[in-house]
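A.B. asks: I would like the atomic coordinates for the input below:
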Amino acid sequence: MLQRQPHNALAVSPVRSRHILNSIPTVIYVLAITAKGFPSQWVSDSVKRILGYEVDEALAPDWWIDCLHPDDKGAAVEKTSILMTRGHLVQEYRFRSKDGHYLWMQDEASLLRDADGQPKEIVGFWTNITERKQAEEQAARAREQEAEIGFKIQQTLLLDQPPSDFPGARVAALTIPSERISGDFYDFFRHVDKCIDVIVGDVMGKGIPAALLGAASKSTFIQALSEITALSDRGTLPKPEEIVTLAHAKMVRQLISLESFVTVSYARFDLERCQVELVDCGHMPVIHYRHRTGTCATLKGSHVPLGVSEGEIYEQITEPFEPDDVFVFYSDGITEAQNSSGEFFGISRLAECVRLNNRLDAWQLITKIRTSVVAFSNSETFADDLTCVVIKIEERKLPLARSEIEIPSDLGELARARAFVWDFCQGIPGGALSEDGTEKLDLAVNEALSNIMNHAYRGRTDQRILIGAEAWPDCVILRLHHLGEPFDPSAVPPPVFNGSRENGFGVYMIRQLVDEVRYLRDERGRNCVLLVKQRNSM
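C.D. replies: Alright, predicted model coming up:
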């Protein structure tokens, strides 16, 4: 049995053994077990080399408790009660050295009993693991940075904003990220106001590699669409099956070499013919809610994902639709969400959710799907991303008139822009916008264009601004598209009229002149300031 002796010696240890104990890179200690506590009996000389304390200091009452990091004291002190039950315990905590720095120490302690089996002493080893903990923290920071990069890749390269004003269809899209980065992606190609292509895909795997493959996949589809369009007769759109087949041919060998694949749904919604052309590449079945029958069906092809078979030729299927029909594209993160019993949310529950909530608009329906999955799984976090795209078909309404003009970002062009506004508003078929309404819209456009030229383009006169105008039965809409710095009027604080701040007056004036001011990103990634003037507003 170890007992404390003068000069910090162990009675049972010869001089040589003591020398060995004191020279190893670990602090060895012995605590007595008494009715009053656990006083230090013995500590090795290495306490000075590792922590900077003299042996006499380390043998002072409560020394080791006083040196613990405040956040670690509770767990470290509790070890004594755990030891009485388990007999052995390994912990990690921060310990203050003599120079005031905290070191990470691994404490491995064992309970020693006397001949009668009663707890007698605690023998432990403090090992300095600071370098290991620092390496672990550095690795954790690297993983966190990787996750942040992956998140940015997802937001900027994988998830495009759906068009907000496509005649005959309302489109909404949402991805709820999981704790891991994934390769879910979606994109939208608008073909004037007749057709809109929707691509929803999922790359096998997780992390930044999957996100990068997702970005590459999107890029390949854009290339395929551009190349076939360039070779087609003027005005002829390439078929979805042609686009997918070419994109697959471009990607397949690389995907096979990377031992990866991509599931894709490529759908073209033709609002003139009232039909959707779908190419399914091993993706989740599309849910089609039919308003006429009040039922849901699933659309699914028989093709394998991109990157599985080099010789695959993809073919499309065609499905008619009517106003108030709903189409839902989604990733397996939704259907494979599990509850506490291990059940999957599944396609049937998703279809029933769509059927019961078919009257909601596209964005509200996506929100309802999300809340249903959260309620089912009883969790706000998931093992995989939850990606969902909803297309809700509406009566196709076209504007009474539409026109556009492109001007340089030169203040000298404001007169031409104002003339365009007046000519358009006064020439609307079936009735011009009132002169008062036209004048207010004209002034608002003039102020917004000045802001774009002076602030978004910082005074550069070699840039371009596209002005688009639409007349509807109830309103006139002006869109100002530019590639300068983002400018969101809603984020500008109201002006201060006491002269303490100069900015904000231009945006304030625009808000007073029109009925709605919004900032958005259009389908080409441009900044867009949208101005709405009601036709019955004076």
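A.B. asks: Report how many residues lie close to residue 89.
C.D. replies: Using other C-beta atoms under 10 Å, the number of residues around residue 89 comes to 18. Any C-beta I mention is one placed from the backbone N, CA and C, and that applies to glycine too.
A.B. asks: Make 624 the starting number, not 1.
C.D. replies: Fine by me, first position is 624 from now on; the one you just mentioned is residue 712.
A.B. asks: What is the helix or strand harbouring it packed up against?
C.D. replies: In this structure, residue 712 sits in strand 711-719 according to DSSP states H and E. Contact analysis of strand 711-719 by 3 or more C-beta pairs under 8 Å, 6 or more residues apart in numbering; DSSP states H and E lists helix 696-709, strand 725-736 as its packing neighbours.
A.B. asks: buried ones in the shortest one?
C.D. replies: Buried residues in strand 725-736, counting neighbours by 16 or more other C-beta atoms under 10 Å, are found at 726, 727, 728, 729, 730, 732, 734.
A.B. asks: my guess is residue 848 is in a helix, correct?
C.D. replies: Yes. Residue 848 sits within a helix when classified using DSSP: H, G, I helix; E, B strand; the rest coil.
A.B. asks: Could you list the residues in contact with whatever helix or strand residue 876 lives in?
C.D. replies: Following DSSP H and E, one finds residue 876 within helix 863-880. By C-beta atoms under 8 Å, 6 or more residues apart in numbering, the surrounding residues in contact with helix 863-880 are 820, 836, 839-840, 843-844, 846-848, 850-851, 884-885, 887, 889-891, 900-902, 904, 929-930, 932-933, 935-939.
A.B. asks: residues near residue 798, how many?
C.D. replies: 20.
A.B. asks: and it, bridged to which residues?
C.D. replies: With DSSP bridges applied, residue 798 shows beta-bridge pairing to residue 1010.
A.B. asks: Model confidence for it, exactly?
C.D. replies: Note for residue 798: predicted pLDDT of 79.
A.B. asks: cool, and the one 5 residues further on?
C.D. replies: What the model reports as pLDDT for residue 803 is 62.
A.B. asks: now the one 10 residues further on
C.D. replies: We note a pLDDT of 84 for residue 813 in this prediction.
A.B. asks: what's the helix or strand harbouring it packed up against?
C.D. replies: When elements are assigned from DSSP H and E, residue 813 belongs to strand 805-814. On a contact count with 3+ C-beta pairs under 8 Å, 6+ apart, strand 805-814 meets strand 792-799, strand 818-829, helix 830-854, strand 1009-1016.
A.B. asks: any chance of these in a markdown table, with distance to residue 752 too?
C.D. replies: Shown next, in a markdown table, are these (distance: least, C-beta to C-beta, whole Å):
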| stretch | distance to residue 752 |
| --- | --- |
| strand 792-799 | 38 |
| strand 818-829 | 30 |
| helix 830-854 | 28 |
| strand 1009-1016 | 39 |
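A.B. asks: so which of the ones you listed is the most packed in?
C.D. replies: strand 1009-1016 (a mean of 25; mean count of other C-beta atoms under 10 Å).
A.B. asks: and the direction of that strand versus that of strand 792-799, what angle?
C.D. replies: 170 degrees (axes from the mean of the first three to the mean of the last three C-alpha atoms, to 10 degrees).
A.B. asks: Tell me what angle strand 1009-1016 forms with strand 818-829.
C.D. replies: Using the same axes, to 10 degrees: strand 1009-1016 against strand 818-829 is 170 degrees.
A.B. asks: and strand 1009-1016 with strand 805-814, angle?
C.D. replies: Using the same axes, to 10 degrees: strand 1009-1016 against strand 805-814 is 20 degrees.
A.B. asks: ok, residues contacting strand 1009-1016?
C.D. replies: 785, 791-799, 801, 807, 809, 821, 823, 825, 892, 944-954, 956-957, 960, 984-986, 988-989, 992-993, 996.
A.B. asks: of the residues you listed, buried ones?
C.D. replies: 785, 791-799, 801, 807, 809, 821, 823, 825, 892, 944, 948-954, 956-957, 960, 985-986, 988-989, 992-993, 996.
A.B. asks: does the closest residue to residue 737 other than its chain neighbours sit in a helix, a strand or a coil?
C.D. replies: Once flanking residues are discounted, residue 737 sits nearest to residue 743: 4.4 Å by C-beta to C-beta, 6 or more residues apart in numbering. What three-state DSSP gives for residue 743 is strand.
A.B. asks: Show me which residues of stretch 743-754 are buried.
C.D. replies: For stretch 743-754, by 16+ other C-beta under 10 Å, it's 743, 744, 745, 746, 747, 748, 749, 750, 751.
A.B. asks: so what's the closest residue in space to residue 894 that isn't next to it in sequence up against?
C.D. replies: Once flanking residues are discounted, residue 894 sits nearest to residue 791: 3.9 Å by C-beta to C-beta, 6+ apart. The neighbours of residue 791, taking C-beta under 8 Å, 6+ apart as the test, are 894, 1016, 1017, 1018, 1019, 1020.
A.B. asks: okay if I get these as a markdown table plus distance to residue 686 and pLDDT?
C.D. replies: Rendered in a markdown table, the data for the contacts of residue 791 read as follows (distance: C-beta to C-beta, whole Å; pLDDT from 0 to 100):
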| residue | distance to residue 686 | pLDDT |
| --- | --- | --- |
| 894 | 80 | 90 |
| 1016 | 76 | 93 |
| 1017 | 76 | 88 |
| 1018 | 82 | 81 |
| 1019 | 82 | 75 |
| 1020 | 81 | 76 |
